[in-house]
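Peer 1: build me a structure from this.
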Amino acid sequence: MNQNNTVETIIGAIVVAIAIAFIWFAYTTTNAGGLGGYEVTGDLARVDGLSVGTDVRLSGIKVGTVSDLTLKPNYLVTVHMRIHNDVKIPTDSSLVVTSSGVLGSSYLSVSPGGDDTFMKPGDKFGHTQGSVDLMGLVGRFINQGGGQQQGQQGQQKPGGGQPPANKPPQPQANGPAPLPKGPGP
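Peer 2: The predicted structure follows:
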């Protein structure tokens, strides 16, 4: 009986050690504790798809995360970002909300400038571009394309049998059109 307790204790200790190793690995590889670094901000008109924890990337590489989003009285959103200490961002850099493809998630992309001075904690991006409403653009493109086709058809048939879609039929010169006759009583 004493030997069973020893084996169970050893197996339990191994399971706990593996769990601790897994948690440590996940913590270090995902930057879950990555609240270190310095904070910079940027004011954007639209932040569709962004939330706390969203990636901040420079040249496609993650250099930080979004730490907070606050709405200002003028309806701009201040995005607070934590940037890794070893990453130096020029002061004339720009910030853009973009996505990883058509169906990909949104992230903040930093386009570095050419200035010799670098952003310090608390600095703000001077050049920003908010997110683009992709579905709205697709809808406008579809509606615009359909309108051009109708206009071209109307031009090809100037005296065609049907009136253009945006004009009602014109009454005839000899009076109102007769009413259709139905079956008699």
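Peer 1: can you give the distance of the longest helix anywhere in the chain from its chain's centre?
Peer 2: The helix that spans the most residues within the chain, counting by DSSP state H, is helix 2-29. Distance of helix 2-29 from the chain centroid (CA atoms, centre = their mean, to the nearest Å) equals 41 Å.
Peer 1: after that helix, which helix or strand is next?
Peer 2: strand 38-44 (DSSP states H and E).
Peer 1: strand partners (parallel or antiparallel) of the top strand by length along the chain?
Peer 2: Longest strand in the chain by number of residues, with DSSP state E as the criterion: strand 61-71. Its sheet considered, strand 61-71 pairs with strand 55-58 (antiparallel), strand 77-83 (antiparallel) by DSSP bridges.
Peer 1: ok, residues contacting whichever helix or strand comes after the last one?
Peer 2: Past strand 77-83, heading to the C-terminal end, the next element that is a helix or strand (DSSP H and E) is strand 94-99. The set of residues external to strand 94-99 that reach it, using CB atoms under 8 Å, 6 or more residues apart in numbering, is 42, 44, 46-50, 79, 105-111, 113, 125-132, 134. Bear in mind the C-beta positions are built from the backbone N, C-alpha and C, glycine included.
Peer 1: same thing but 10 Å
Peer 2: Residues outside strand 94-99 that contact it (CB atoms under 10 Å, 6 or more residues apart in numbering): 40-50, 54, 56-57, 79, 81, 89, 104-113, 124-132, 134.
Peer 1: just the buried members of the residues you listed?
Peer 2: Listed as buried from those are 40-44, 47, 50, 54, 56-57, 79, 81, 89, 106-110, 113, 125, 128-131; burial here means 16 or more other CB atoms under 10 Å.
Peer 1: residues in a beta bridge with residue 96, which ones?
Peer 2: Bridge pairing for residue 96 - DSSP bridges - gives residue 109, residue 129.
Peer 1: can you pull the pLDDT of it?
Peer 2: On pLDDT, residue 96 comes in at 90.
Peer 1: and for residue 85?
Peer 2: For residue 85, the predicted pLDDT is 90.
Peer 1: what's the burial count for it?
Peer 2: Look at residue 85: counted by other CB atoms under 10 Å, it has 10 neighbours.
Peer 1: now it: closest residue in space, sequence neighbours ignored.
Peer 2: Nearest non-adjacent residue to residue 85, counting by CB to CB, 6 or more residues apart in numbering: residue 37, 5.3 Å away.
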